[in-house]
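Participant: Need the 3D shape of this:
(2 chains)
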Protein chains: 2
Amino acid sequence: MKVLIIGGGGFVGQKLARSLVARGQLDGQAIQSISLVDVVMPASIESAAIAVNSSVCDITDPASIANALDASVTHIFLLAAIVSAHAEEDFDAGMQINMQGVWNVLERARALGSVPKVIFTSSIAVYGGEVPDPITDHSFLNPQGSYGIQKAIGELLLNDYSRKGFVDGRGFRLPTISVRPGKPNRAASSFMSSILREPLNGESAVCPVDDDFLHYYLSPRKCVENLIKGAELAAADLGQNRCMLMPGKTWSIGQLIEALTAVAGPGPAQLIRRESQPDIQRIVKGWRFDFHADKALALGLSADESFQDNVRYYLEDDAPVS
Amino acid sequence: MKVLIIGGGGFVGQKLARSLVARGQLDGQAIQSISLVDVVMPASIESAAIAVNSSVCDITDPASIANALDASVTHIFLLAAIVSAHAEEDFDAGMQINMQGVWNVLERARALGSVPKVIFTSSIAVYGGEVPDPITDHSFLNPQGSYGIQKAIGELLLNDYSRKGFVDGRGFRLPTISVRPGKPNRAASSFMSSILREPLNGESAVCPVDDDFLHYYLSPRKCVENLIKGAELAAADLGQNRCMLMPGKTWSIGQLIEALTAVAGPGPAQLIRRESQPDIQRIVKGWRFDFHADKALALGLSADESFQDNVRYYLEDDAPVS
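Facilitator: Numbers count the residues shown, from 1 in each chain, chains lettered A, B, ... in the order given. Purely as a prediction, here's the structure:
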């Protein structure tokens, strides 16, 4: 069994690869190789038992995909995307990478005839607007931006390519991942990790919203666990609609900070500076938070128990060694 | 103001063109020209006042679209599609015409920068499966076939191209059109017009389902009226989600036959032969019929008053002169 991680250079792809290396098996079979591909060369990962290789692949180019994906690949994790702010700024890049790129991968798989499993990361950005709460697996997909539109199209394609028997797809709408490792970025959601990560690393961070701001979160560790569980689900248990919410939990900013203090003591929370940022508030207050991931929960995927877990996992998995 | 009807050779396109010729105006302005384009040369339509021209256009080919669509076009009716049975049989043709073709038209409009109105025909085939009744504008799109997937993707594209200001789109999910003029075709829904049209023309027809079979119908005349009303809606009244159900009415086969008899006397109904067709039954019994087109109704679109209207309109508009 051979695994291909498209978007293998991103933090989810890297964590997924490390988790697969540690498990050594997937779907009850030993993993022979893991290929990490991304638009820039993914960081290499060491393994004594499994051949892990990194290479460059541009999913906007069918020839590049053909190089990366042959009939021996049994599991494709399709994580590659440009993020929402980028897709909004550069419409063509978003369409080419987030929509055409997904189509290209599915077309390559179809041409091979090998019916690989395709585990696709969609996003809660497919929801929004006038759709009533709570948001469930059966809520109307009403994306408010190009990124969400492109992800919704990816879901539809995955469903039809699965129904036709070209791939065995499963798609998951990811909650906001927190505590995300690395540096702050220009995403409007960046503060949802920054206000925890930076203080845990002894640095200050800005919180642009009030304590009662609610959002839907999942830790990177649980996200990777869910992707692996998602890969191992039996097709017969999924039904024709292969896409669903990935479980998360809804917390307020106040609850995030309480969890930070409960795990790391009172010091870090003092490094959070309050600064109203109307531009950020305007964006994030339009986002939804009342999600019910019933289908995925019934299939055995899960959320973090409490946000203290999210904080602890960051310290265990990602915090720089001081 | 110049109108382009893509799919202008089909019966809806032809009726729409004739209706626009009769009105002479659209959106409060005189129509200067109507271009009918289709993959085979559309039948020409006579008009003393308006330049109506027909030409061949293949929407899978961007150069062909560029020939048909220039910056002077103010209204594009985007009706072109291959039907569900065809899209299911020839997956590539469906993807190229029903999905890539729509994208190509939107891309051409975007490149022109002229922000035309785009009136797009989607279908109730975007609904299905495990989604609970009643089906509303906010029901989860859960297409059960490639045609529905391609239409759902067209809707998402139309929404985002509208949000970005590239076009001014409005999309309508058409009910099953009955009484459809012309000959029976291989669509599973073909009998829903045949059992009325053929008897009205003195020919026999086969009804493969029972009297209590329910479905959601609209006459061709009302469909065209709604498309024109849809074109004239103010963008501000539509909101960000530009796509909605087109109003129809739910009737049983028994009610269709009652209406036939009420309008045309007892003779035609005697030409309907009952013949159980398990293949057809299996397909059409999976279709939905409990639709609520609240948004379109609130915006002034409408359904036929009774199915007697559908029968009468066929006799007035389409029945061969005997």
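
Participant: In this structure A:I119 contacts A:N226, no?
Facilitator: No. At 9.9 Å, A:I119 does not count as touching A:N226 under the criterion of C-beta atoms under 8 Å. Using the backbone N, CA and C atoms, a C-beta is placed for each residue, glycine as well.

Participant: Around chain B, pick out the residues from the stretch 51-200 of chain A.
Facilitator: Neighbours of chain B within the stretch 51-200 of chain A, by C-beta under 8 Å from any C-beta of the partner chain: A:91, A:129-132, A:137-146, A:149, A:152-153, A:156-157, A:159-160, A:163-164.

Participant: picking up where we left off before, residues that sit against both of A:I119 and A:N226, list them.
Facilitator: A:F172 (C-beta atoms under 8 Å, 6 or more residues apart in numbering or on different chains).

Participant: what about those two, which has more around it?
Facilitator: Each of A:I119 and A:N226 has its neighbours counted (other C-beta atoms under 10 Å in any protein chain shown); A:I119 has more, 28 against 25.

Participant: hang on, the more buried one is in a strand, isn't it?
Facilitator: Yes. A:I119: assigned to a strand according to DSSP: H, G, I helix; E, B strand; the rest coil.

Participant: Is it bridged to anything, and to what?
Facilitator: Under DSSP bridges, the beta-bridge partners of A:I119 are A:F77, A:R170.

Participant: quick one, what contacts it?
Facilitator: The neighbours of A:I119, taking C-beta under 8 Å, 6+ apart as the test, are A:H75, A:I76, A:F77, A:L78, A:G169, A:R170, A:G171, A:F172, A:L227, A:G230, A:A231.

Participant: Next one: it from chain B, what distance?
Facilitator: 20 Å (C-beta to the nearest C-beta, to the nearest Å).

Participant: can you check A:A187 too?
Facilitator: For A:A187, the distance to chain B - C-beta to the nearest C-beta - is 19 Å.

Participant: Quick one: residues contacting that residue.
Facilitator: Shown in contact with A:A187 (C-beta under 8 Å, 6+ apart): A:V83, A:S84, A:A85.

Participant: so how far is A:I280 from the last one?
Facilitator: This means A:A85. To A:I280, A:A85 is 11 Å away according to C-beta to C-beta, to the nearest Å.

Participant: any common contacting residues for the two?
Facilitator: Jointly contacting A:A85 and A:I280 under the rule C-beta under 8 Å, 6+ apart are A:A188.

Participant: ok, back up a step: among the contacts of A:A187, which are in helices?
Facilitator: A:S84, A:A85 (DSSP state H).

Participant: Switch the contacts of A:A187 over to JSON lines; also include neighbour count.
Facilitator: Listed next are the contacts of A:A187 as JSON lines, based on neighbours: other C-beta atoms under 10 Å in any protein chain shown:
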{"residue": "A:V83", "neighbour count": "17"}
{"residue": "A:S84", "neighbour count": "24"}
{"residue": "A:A85", "neighbour count": "17"}
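
Participant: Show me what the lowest-mean-pLDDT helix or strand in chain A is packed up against.
Facilitator: Sorting the helices and strands of chain A by mean pLDDT, DSSP states H and E puts helix A:278-284 at the bottom, at a mean of 87. Here helix A:278-284 touches no other helix or strand, going by 3 or more C-beta pairs under 8 Å, 6 or more residues apart in numbering or on different chains; DSSP states H and E.
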